[in-house]
Structures are given as C-alpha cells and as structure tokens.
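[1] Have a look; sequence and predicted model below, questions after that.
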Amino acid sequence: MSIGRPARTRTGTGTIRGRVAALVGGALLVAAALTGCASDDSPVQPSTATQLQSGVLAVTEAAAAGDFPGASAALDAVQADLLTAAATGQVTGTRATEIQAAIDGVTADLAALAAAASTPTATPESGPKPPPSVDSGPGTGNGKKDKCNPKKDNCDG
C-alpha cells in the first residue's frame with residue numbers, strides 16, 4: 001500500500017456474478033431492440049415483439065440462475081422465432097439483423113460463462129512450507145543440525 005494512492009478494490013467484472021450481470025444486460029439489449037413496436041408499420045409486429053421478449057426473459061432468468069445450458073436453449077428458441085418472424089414479414093430485415101447481432105453477442109457471452117463455470121478453480125495451498133529447522137547453536141557451523149553434547153555445548157541434551 002502506498003501513501004497518497006487509494007487502495008484498489010476488486011469489482012465484480014471478472015467474477016461469474018459480474019459476467020452473468022453483463023449477460024443479462026446484453027439480453028436486455030435484445031429486448032430493448034424489440035420495444036416500440038406498437039404500430040403496423042413498425043420494424044417488429046407487436047405480437048412478435050411480445051413473443052421474442054418473452055423468450056429473452058427466459059434467457060435472462062436461466063442465466064441469472066446459473067443454468068447456462070437452459071439459457072442457451074432459450075436463446076436458440078428466440079433465434080428460431082426471429083428467423084420465422086423475419087421469413088413471414090413480422091420483422092423487417094434491418095431490425096432482424098440488429099436483433100441477430102444482439103443474439104450473437106449473448107451467445108458468445110453464454111459460451112464464455114459456461115466455460116468459466118466448468119473450469120475448476122485452483123485452490124491455494126495452506127501457505128508456504130517453512131524451511132527445515134537448522135541448529136544455530138555451537139557446532140560445526142555448516143548449517144546442518146548438530147547433535148547436542150551437554151558437557152561441551154551447554155545444552156539440555
């Protein structure tokens with residue numbers, strides 16, 4: 001610790017909890033891309049937006065619970081719904097591309113989280129082992145443990 005410099009604190013960005021929060025934020029971006037869809041000329045039809053938002057909610061709930069396979073399956077369902085909606089004209093091509101980009105980002109985040117969750121963390125040892133004890137009393141002076149001779153070395157032998 002140095003004087004005049006604030007102590008650093010670790011934020012949650014490198015932890016699983018921090019990554020899940022980032023993932024949920026990404027999934028919410030997908031949901032945000034679906035909002036504002038109330039008119040017939042909107043980029044996403046209202047019923048389709050509701051369906052996709054429901055799927056995004058399932059992704060975020062599964063991810064927040066640590067169920068990365070479930071979150072991934074829910075995201076696959078959202079993507080399938082998006083493809084169907086784009087093919088039937090329920091989502092414009094531009095909006096479908098934007099939503100797909102968000103889905104791709106969340107997919108990558110889920111893969112990274114699943115990998116991080118399955119990687120075992122190294123447990124630290126109980127601490128450094130002390131060096132073997134060396135007799136520092138009278139003797140040969142070679143650093144090796146000497147036998148005590150009570151008559152010569154004034155020890156308890």
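    That came in fine, so what should we check first?

[2] Moving C-terminal from the worst-scoring helix or strand of the chain on mean pLDDT, which element do we reach first?
    The weakest-scoring helix or strand in the chain, judged by mean pLDDT, DSSP states H and E, is helix 16-34 (a mean of 61). Later in the chain than helix 16-34, the nearest helix or strand by DSSP states H and E is helix 46-64.

[3] Which strands or helices does the next helix or strand after that following helix pack on?
    As assigned by DSSP H and E, the chain's next helix or strand after helix 46-64 is helix 68-87. Contact analysis of helix 68-87 by 3 or more CB pairs under 8 Å, 6 or more residues apart in numbering; DSSP states H and E lists helix 16-34, helix 46-64, helix 93-118 as its packing neighbours. All C-beta spots, glycine's among them, are computed from the backbone N, C-alpha and C.

[4] Would you mark the buried spots in the last one?
    In terms of neighbour count (16 or more other CB atoms under 10 Å), helix 93-118 has its buried residues at 95-96, 98-100, 102-103, 106-107, 109-110, 113-114.

[5] which residues of this structure score low on pLDDT?
    Scanning the chain for pLDDT under 70 picks out 1-41, 121-150, 152-157.
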